[in-house]
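Undergrad: Kindly return the folded structure for what I paste below:
(one chain, ligands or ions: 1)
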Amino acid sequence: MATQNETFKKVISHAKEYGFVFPSSEIYDGLSAVYDYGQNGSTLKNNIKNYWWRAMVQLHENIVGIDAAIFMHPTTWKASGHVDAFNDPLIDNKDSKKRYRADVLIEDYCAKIETKIEKEVAKAAKRFGEDFDKEQFLTTNSRVLGYQQKIEGILKRMGQSLEKEDLADVKNLIEELEIACPESGSRNWTEVKQFNLMFGTKLGASADSAMDLFLRPETAQGIFVNFMNVQKTGRMKIPFGIAQIGKAFRNEIVARQFIFRMREFEQMEMQFFVPPGTQKQWYEQWKQTRLNWHLSLGMGADNYRFHDHEKLAHYADAAADIEFKFPFGFKELEGIHSRTDFDLGSHEEFSGKRLQYFDPERNENYVPYVVETSIGLDRMFLAVFSHALREETLEDGSSRTVLKLPGILAPTQIAVLPLVKKDGLPDLARNIKDKLKWDYAVNYDEKDAVGRRYRRQDALGTPFCITVDHQSLEDQTVTLRDRDTMKQERIPIAGLNSRLDQSLNIKHWLQKI
Ligand code: ATP
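TA: Residues are numbered from 1 along each chain as shown. Reported below is the predicted structural model:
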């Protein structure tokens, strides 16, 4: 079994080798925590966006989309609280000179205890065999309960100390837990300090009149400042939502883990405006709807879990993460936040404009409450990509690398391969490609032996290969090869469309949500 680290290294190298993700400006040795998406990565990313947009906007009659600018009036960030409170607690190790997020050091410590729980479960599963009841074991085994209590205690104390801005206690906790620097192994830490994550820039040519701006650290504020515009011009009735996909920028203290934590990244956010007092109910509903969206992609229910927040952001009255099992453990993939009326209320105050809704049913004006769903597109990419990448040992003892991407997300959905480059097979293959390309992302590949081409398409995540051989010329049938099972079936060319539709039509996937 490969270790977590080895698996993750494979993910990164596969992403590069097959044109998914490159380090940014690589010919200049790259730029820390900034990445470019290649020919296959950009398509995979667009497909994820499309799946989100369709599920959120096209399928909800009360959700509309916008595309706001990255630059916003600087007062936006005072009103939102980001100027004062968008900080992460940082700590330096005096020996290695490495900088860490104090909360992440503590969370990583808890993740190690979590691994111990997993080991206990694995041991017990082996001991009890088929009779093993995981749920019961987790709730009754005294060692596991002890570990769980320890994790809960640590996270609770950290949450409370951060909430109270008691940074000295966060440092105490790191010392009490004897957390050492992963680099140097030393426990020689500085004090914990706050660090603002926004990137500053300037607008305007002359030095005197230039205005200080920030690159937006979240897309949400572009939605809030447009609340009235959309509500009025779209004649929207509460409850309704505004969705947006766009870039966000954060000067992350420690940006490791590939595209998990980047300095420039994309978010897919939706703000749902509801009457005051109903936010809890909508919050629960959106938690479930978003989890269902993830589950519809078929990446396994066991790989997701909710994590309810102890420490709430300055704007929230409830918050949970949907965590995914990345190669380095369960980590946040998406956040669901009940943001109260904080943002609209605060923009009202700072702008002096009324940001209220007249509710005909309640016969009153109010500042709506907001439930937000916010998912990182790049993190979703990493979730899909790392889950898909497998090394398989085949029956004949050989191995293959396969990228089991959900069919609707794969950059190439079908590869059409003439068995040989002669006898009219390429013409028929191109002909089939030209018929299918209106509905699917299709590639034509005639280079190398067909077995090698299958392997190449497996590594690119192409769900189906269609092979055209001499028999095809006689009876108008082809071989359809399934990436996951490697099974091949002979089917008529005329039947391809309806057969492929079952697996590759986005409609069938969206209907599962
Ligand atoms: P974290 O605790 O990991 O820093 P967060 O709680 O600050 O994340 P949110 O502000 O809730 O994140 O942002 C919503 C989503 O945006 C996250 O769930 C994540 O998927 C994504 N995201 C946040 N920061 C980054 C980043 N630096 N790189 C890539 N994606 C990010």
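
Undergrad: And the residue nearest the centre of the protein?
TA: residue 380 (2.3 Å; C-alpha atoms, centre = their mean).

Undergrad: quick one: that one is in a strand?
TA: No: under DSSP: H, G, I helix; E, B strand; the rest coil, residue 380 falls outside any strand and is assigned helix.

Undergrad: surely it meets residue 49?
TA: No: using C-beta atoms under 8 Å, residue 380 is not in contact with residue 49; the gap is 9.2 Å. Bear in mind the C-beta positions are built from the backbone N, C-alpha and C, glycine included.

Undergrad: what residues are shared contacts of the two?
TA: Shared contacts of residue 380 and residue 49, defined by C-beta atoms under 8 Å, 6 or more residues apart in numbering, comprise residue 268.

Undergrad: How about the contacts made by residue 77?
TA: The neighbours of residue 77, taking C-beta under 8 Å, 6+ apart as the test, are 83, 86, 198, 214, 217, 221.

Undergrad: From the ligand, how far out is it?
TA: Distance, residue 77 to the ligand, by C-beta to the nearest ligand atom, to the nearest Å: 14 Å.

Undergrad: Surely that residue forms part of a strand?
TA: No: using three-state DSSP, the assignment for residue 77 is helix, not a strand.

Undergrad: Do you know the pLDDT at whichever residue of the chain sits closest to the ligand?
TA: The nearest approach of the chain to the ligand comes at residue 376, 2.5 Å away (C-beta to the nearest ligand atom). For residue 376, the model assigns a pLDDT of 98.

Undergrad: Now the phi/psi pair for it, please.
TA: Note on residue 376: its backbone torsions stand at phi -80, psi 120 [degrees, to the nearest 10].

Undergrad: Pull the number of nearby residues for it.
TA: For residue 376, the neighbour count with other C-beta atoms under 10 Å is 23.

Undergrad: need the contact list for it.
TA: Counting by C-beta under 8 Å, 6+ apart, residue 376 touches 265, 266, 267, 268, 333, 334.

Undergrad: all helices for the stretch 251-400 of the chain, in order.
TA: Here the stretch 251-400 of the chain has its helices, by DSSP state H, counting those that start in this stretch, at 279-295, 342-351, 377-388.

Undergrad: who wins for proximity to residue 40 among these?
TA: helix 377-388 (10.2 Å; C-beta to C-beta).

Undergrad: May I see the buried residues of the lengthiest helix in the chain?
TA: Looking across the chain with DSSP state H, the single longest helix is helix 102-128. Buried residues in helix 102-128, counted by 16 or more other C-beta atoms under 10 Å: 102-107, 109-110, 114, 117, 120-121, 124.

Undergrad: Which pair of those residues spans the longest distance?
TA: The span of the buried residues of helix 102-128, defined through C-beta to C-beta, is set by 102 and 124 at 34.4 Å.

Undergrad: How far away from the center of its chain is the following helix or strand past the longest helix of the chain?
TA: Once the chain leaves helix 102-128, the next helix or strand it forms, by DSSP states H and E, is helix 134-140. Distance of helix 134-140 from its chain centroid, counting by C-alpha atoms, centre = their mean, to the nearest Å, is 30 Å.

Undergrad: Residue 481 contacts residue 487, doesn't it?
TA: Yes: with contacts counted by C-beta under 8 Å, residue 481 reaches residue 487, the gap being 7.3 Å.

Undergrad: Which of the two has more residues huddled nearby?
TA: residue 481 (22 against 9).
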